[in-house]
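[1] pasting the structure only:
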C-alpha cells in the first residue's frame, strides 16, 4: 500500500485520491470510478468519512458487497479494479477494516449507468458536456493508438520522399530521418529493435492534407480556414486505422471524407 492508514485519513482529496463512507449509496460511486478511469486513474478508500474519521467497513457488509459490484453493474463498459483490505482502528477504538479500491487509467471512455461521462478534475468528479466528452474520445483514441508499435515495422518502411515533402512545407532544414528520430514518439523500442509507432503512421499526412485543403480555399478568411483545419483533423482521427506514411499503404483521402 502506498500510504499508511494514518496518512489516508489526513491526505487531501485530489485528482487521484478520494475517500467515502461505507454507508454511501453504492450506485453513486460509479461517478467517481468512471471519473478516475477516464482521467489518470486513482484510489478510492471506503470506510473513512469526509471529515477524516475512520468508521470502517466491518459493520456494512451488504453495502460493501454492493460497492464491489459497482464497476461491473453501473459502469459502461465495466471498469477493471484492484482491491485491498487494510486493518485499522475505528473512531471508537475498535478493530476494523478499510477497503482500498485502485482504479487504473483506462484506454476506453467510461460512463455511468445513465450514460453520463465523468472526469476527475482536482478533488471533484466532473460531469462532461457533449463537446468535452467528444474531445476525450479523440484524446483516448489517438493517445493509445499512437503509443502502439506497428508490428514488424522499421524506419526503412517510411516513405522518406513523403517526409521530405512534409519537412519542406514546415520549413524543417535537417534530413527527413533526423525529423523522424527527433520526434521520439515516432519510434518505439520493442524486443531490442526499433519499430515505428502509430503516431508515425498517420500524423504527418494529417498535417499535409489539412494544409493542402486550407491553402486551396483562398476565398475564406484566416479564421474560417483555421477552424476548417481543426474540423478536418478531428474528423480524420476517427479513422484510427488510416494508413498514411508507410510505403504502399496510402488511401484515397477524398473517399475517406
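    Received it, and whenever you're ready, just let me know what you need. Since this is a predicted model, take the numbers as computed values, not measurements.
[2] for the stretch 51-200 of the chain, what spans make up the helices?
    Taking DSSP state H, counting those that start in this stretch, the helices of the stretch 51-200 of the chain run over residues 61-73, 130-147, 160-170, 176-182, 198-215.
[3] quick one: low-confidence parts of this protein?
    1, 142-149, 184-185, 198-257 (pLDDT under 70).
[4] Which residue lies nearest the spatial centre of it?
    residue 140 (4.4 Å; C-alpha atoms, centre = their mean).
[5] quick one, what contacts it?
    107, 108, 109 (C-beta atoms under 8 Å, 6 or more residues apart in numbering). For every residue, glycine as well, the C-beta is placed using N, CA and C.
[6] cutoff 6 Å now
    residue 109 (C-beta atoms under 6 Å, 6 or more residues apart in numbering).
[7] again with residue 163
    Residue 163 touches residue 176, counting by C-beta under 6 Å, 6+ apart.
[8] so how far is residue 152 from it?
    20 Å (C-beta to C-beta, to the nearest Å).
[9] now the strands for the stretch 1-150 of the chain?
    Counting by DSSP state E, counting those that start in this stretch, the stretch 1-150 of the chain has strands at residues 17-20, 42-46, 75-76, 82-89, 95-103, 111-112, 118-121, 124-127.
[10] can you give me the offset of the longest one from its chain's centre?
    Computed by C-alpha atoms, centre = their mean, to the nearest Å, the chain-centroid distance of strand 95-103 equals 26 Å.
[11] Sheet-wise, list the partners of that strand with their directions.
    strand 42-46 (antiparallel), strand 82-89 (antiparallel) (DSSP bridges).
[12] so which of those strands gets nearest residue 134?
    Closest approach to residue 134 among the strands paired with strand 95-103 (C-beta to C-beta): strand 42-46, 23.1 Å.
[13] Distance from the closest one to the middle of the chain?
    19 Å.
[14] cool, and stretch 177-193?
    22 Å.
[15] Any buried residues in it, and which?
    Neighbour-count burial for stretch 177-193, counted by 16 or more other C-beta atoms under 10 Å, picks out 179, 180, 186, 187, 188.
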